[in-house]
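**Q** sequence first, predicted model second:
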Amino acid sequence: MDNSQVKQLVESFEAKVREDIIGFLQKKEALDPHVPECPDVEELWGAIARSYMPDGAREFKDYPVVSLGWMMLIGMAMAFYWDTDWEKNSRRTDFYEKLRDMRGYDNLDEAVVQDLLGYRDEAAEKVTELVAECASRVFSLISHEHVEPGTPAALGCYIAALHQLYLAGMAMELNALGYHMTPLQQPS
């Protein structure tokens, strides 16, 4: 597969992942019909992906759903940071490391869902289940792509999947924080 074929495959795969996750989250009423966006958080994707890749790629072999799901949680955390004090938080460069080091990589879900976002009991369970289901769905999509492991296409699909999970996590948390993209009512 040449570079242009890999690029086309990855772009098509990323669109498929986005459509699947967004549709699923909308059916679960975790996202409105118009998905919230946040350019400030989206802009940090590259830096966060670079810092996450050593841990995420290592864990993907044995724990693919965790490797994928943790990025969705990171997206949720970034939306929280944006909502809380973006002027201060936007200057940080260690977002992933700080989240990971709260309880360690294996417990990133608890660190984000409980410690940072403050979800408890049934709410925490619901969020964790949604993230796990999204990650499982994406892993299924990756598995059905039939790309050879260790190839540029496989790496591209993994990164594309992480990107869409990050954006979905961000959107889901923005929605939970009350950012609903609804049309303004015209005065009568």
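**A** Thanks, I have it.
**Q** helix or strand: which one has the closest residue to residue 100 other than its chain neighbours?
**A** Counting by Cβ to Cβ, 6 or more residues apart in numbering, residue 100 lies nearest to residue 108, which is 6.1 Å off, once chain neighbours are set aside. For the C-beta atoms, the positions are set from N, CA and C on the backbone; glycine is no exception. In the assignment (DSSP states H and E), residue 108 maps to helix 108-110.
**Q** go on, residue 144?
**A** helix 121-145.
**Q** contact partners of that helix?
**A** Here helix 121-145 makes contact (Cβ atoms under 8 Å, 6 or more residues apart in numbering) with 9, 13, 16-17, 20-21, 24-25, 28, 30, 64-66, 68-69, 72-73, 76, 109, 113-114, 117, 119, 153, 157-158, 161, 164-165, 168-169, 172.
**Q** buried subset of these, written for ChimeraX?
**A** In ChimeraX, this line selects whichever of these come out buried by 16 or more other Cβ atoms under 10 Å:
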select :9,13,16,17,20,21,24,25,30,64,65,66,68,69,72,73,76,109,113,114,117,119,153,157,158,161,164,165,168,169,172
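**Q** element containing the closest residue in space to residue 33 that isn't next to it in sequence, please.
**A** Using Cβ to Cβ, 6+ apart and skipping the chain neighbours, the partner closest in space to residue 33 is residue 26 (6.5 Å). If you go by DSSP H and E, residue 26 is part of helix 3-27.
**Q** OK, contacts around residue 151?
**A** residue 1 are the contacts of residue 151 under Cβ under 8 Å, 6+ apart.
**Q** from residue 91, how far off is it?
**A** 38 Å (Cβ to Cβ, to the nearest Å).
**Q** cool, residue 17 as well?
**A** Taken as Cβ to Cβ, the span from residue 17 to residue 91 is 31 Å.
**Q** please apply the same query to residue 61.
**A** For residue 61 relative to residue 91 (Cβ to Cβ), the value is 35 Å.
**Q** now residue 72
**A** Noted for residue 72: a distance of 24 Å to residue 91, by Cβ to Cβ.
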